[in-house]
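**Student:** Okay, structure incoming, though there's no sequence with it:
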């Protein structure tokens, strides 16, 4: 994943790459991930697809007149299931990107971004139910041309979230590779703000070209 | 392009595929819902010929309603010839029966010289309202139906469209 390059201006790409990296990092720290929420979402979704597929098959084989009544039932059932699916995503999942257990302690992490604001917000809920919010700009772990750098991201997580810091002492210590991470952050911030200061949507391309000439 | 897919966990891949499956399912169920609402097997049809000019042109999209069983002379109906699957859009010029006996209709295209007796199945002189007619026209949108005509005349377009949609939806991570 670190080899894949994304557009550093596309907020959804930044968020989904970071979410994937977060889950991978926590799994590497031996957090056992709970998939209950995703499983319910998949179950609801594929149930709806199954209803649609059955309706299609019945209509194809038996024609419209014979299946009219069952089609009406199926349409209502599909509306209910799809409504439940949407409600599940919106309310219950609520941006949850990781839920897991390590050493008997449960952790639940939800992420969000605000429109046109390149800041990554995390809401971490621990076993006791208390929720803490932390945030950082994406520039802290993305280079200006869109490569994800794992080290500063892991350091930020280990320092900001207690449960992760306990699991990964090396990254939690402020100075461990701090200068290296700091340099990457400063570099990317410099380039990112440079292209930002150039101003406007039109010059984003120019910012990229500027970077290549210097490099 | 597919690198982003390769790095996904199996459940996440299932979720991405589900997104595309839901696009197809929802489109299909919306169509079926409209069919149930209008009580017609095909509530939206495209005009394929010029037999109803100047009222309807080739490529017009027609909206059908099948819940009015008392079809009057002058209404435009869409019917299937028995044994064939091609819908024909013509105007009712005569009606027989109705009430306790089954309603029978004779149709003719506005732009045709003769009535539809030649078009009906062998031995059939009139349309049966409850069996042959799939609805009366209650509204139309001009030209939009040309997309459907293109898709049926060049079937590879359908496949190309589906593949393009699939790639777009499955690779999108929003």
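**Tutor:** Sure, I can see it. Please read these numbers as outputs of a predicted model, since none were measured by experiment.
**Student:** I'd like to know how many residues surround the nearest residue to residue A:11 once chain neighbours are set aside.
**Tutor:** In this structure, residue A:11 finds its nearest non-sequential neighbour in residue A:113, 5.6 Å apart by C-beta to C-beta, 6 or more residues apart in numbering or on different chains. From N, CA and C alone the C-beta is placed, and that goes for glycine too. Here the number of neighbours of residue A:113 (other C-beta atoms under 10 Å in any protein chain shown) works out to 18.
**Student:** is chain A contacted by the longest helix seen in chain B?
**Tutor:** As assigned by DSSP state H, the longest helix anywhere in chain B is helix B:10-38. Yes - counting by C-beta under 8 Å from any C-beta of the partner chain, chain A is contacted by helix B:10-38 at B:11-12, B:14-15, B:18, B:21-22, B:24-26, B:28-29, B:32-33, B:35-36.
**Student:** And stretch B:99-109, by the same measure?
**Tutor:** No - if you take C-beta under 8 Å from any C-beta as the test, stretch B:99-109 misses chain A, and the best it gets is 15.7 Å.
**Student:** List of residues touching that stretch?
**Tutor:** The set of residues external to stretch B:99-109 that reach it, using C-beta atoms under 8 Å, 6 or more residues apart in numbering or on different chains, is B:49, B:51-52, B:69-71, B:77, B:79, B:88-97, B:114-117, B:125-130, B:133.
**Student:** Sketch out the low-pLDDT regions of chain B for me.
**Tutor:** Judged by pLDDT under 70, chain B has its weakly predicted residues at B:1, B:3, B:174.
**Student:** which stretches of it form strands?
**Tutor:** According to DSSP state E, chain B carries its strands in the segments B:44-46, B:61-65, B:76-80, B:87-98, B:101-108, B:127-128, B:133-141.
**Student:** Would you format the ones you listed as TSV with mean neighbour count included?
**Tutor:** Shown next, in TSV, are these (neighbours: other C-beta atoms under 10 Å in any protein chain shown):
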stretch	mean neighbour count
strand B:44-46	21
strand B:61-65	20
strand B:76-80	21
strand B:87-98	18
strand B:101-108	18
strand B:127-128	20
strand B:133-141	18
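**Student:** Save those as TSV, and put in distance to residue A:123 too.
**Tutor:** Listed next are these as TSV, based on distance: least, C-beta to C-beta, whole Å:
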stretch	distance to residue A:123
strand B:44-46	46
strand B:61-65	48
strand B:76-80	56
strand B:87-98	55
strand B:101-108	65
strand B:127-128	64
strand B:133-141	47
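**Student:** Pull up the gap between residue B:137 and chain A, please.
**Tutor:** Applying C-beta to the nearest C-beta, to the nearest Å, the value for residue B:137 to chain A is 19 Å.
**Student:** Which positions are bridged to the nearest residue to that residue once chain neighbours are set aside in the beta structure?
**Tutor:** Leaving aside its chain neighbours, residue B:137 sits nearest to residue B:76 (4.4 Å; criterion: C-beta to C-beta, 6+ apart). With DSSP bridges as the criterion, residue B:76 is bridged to residue B:91.
**Student:** what sits against residue B:76?
**Tutor:** Going by C-beta under 8 Å, 6+ apart, the list of residues near residue B:76 reads B:52, B:55-56, B:89-92, B:136-137.
**Student:** Please repeat the previous calculation with a cut-off of 7 Å.
**Tutor:** Residues near residue B:76 by C-beta atoms under 7 Å, 6 or more residues apart in numbering or on different chains: B:89, B:91, B:136-137.
**Student:** and which of these is nearest residue A:77?
**Tutor:** residue B:136 (29.7 Å; C-beta to C-beta).
**Student:** So what pairs up with that closest one in the strands?
**Tutor:** Here residue B:136, judged by DSSP bridges, has bridge partners residue B:65, residue B:77.
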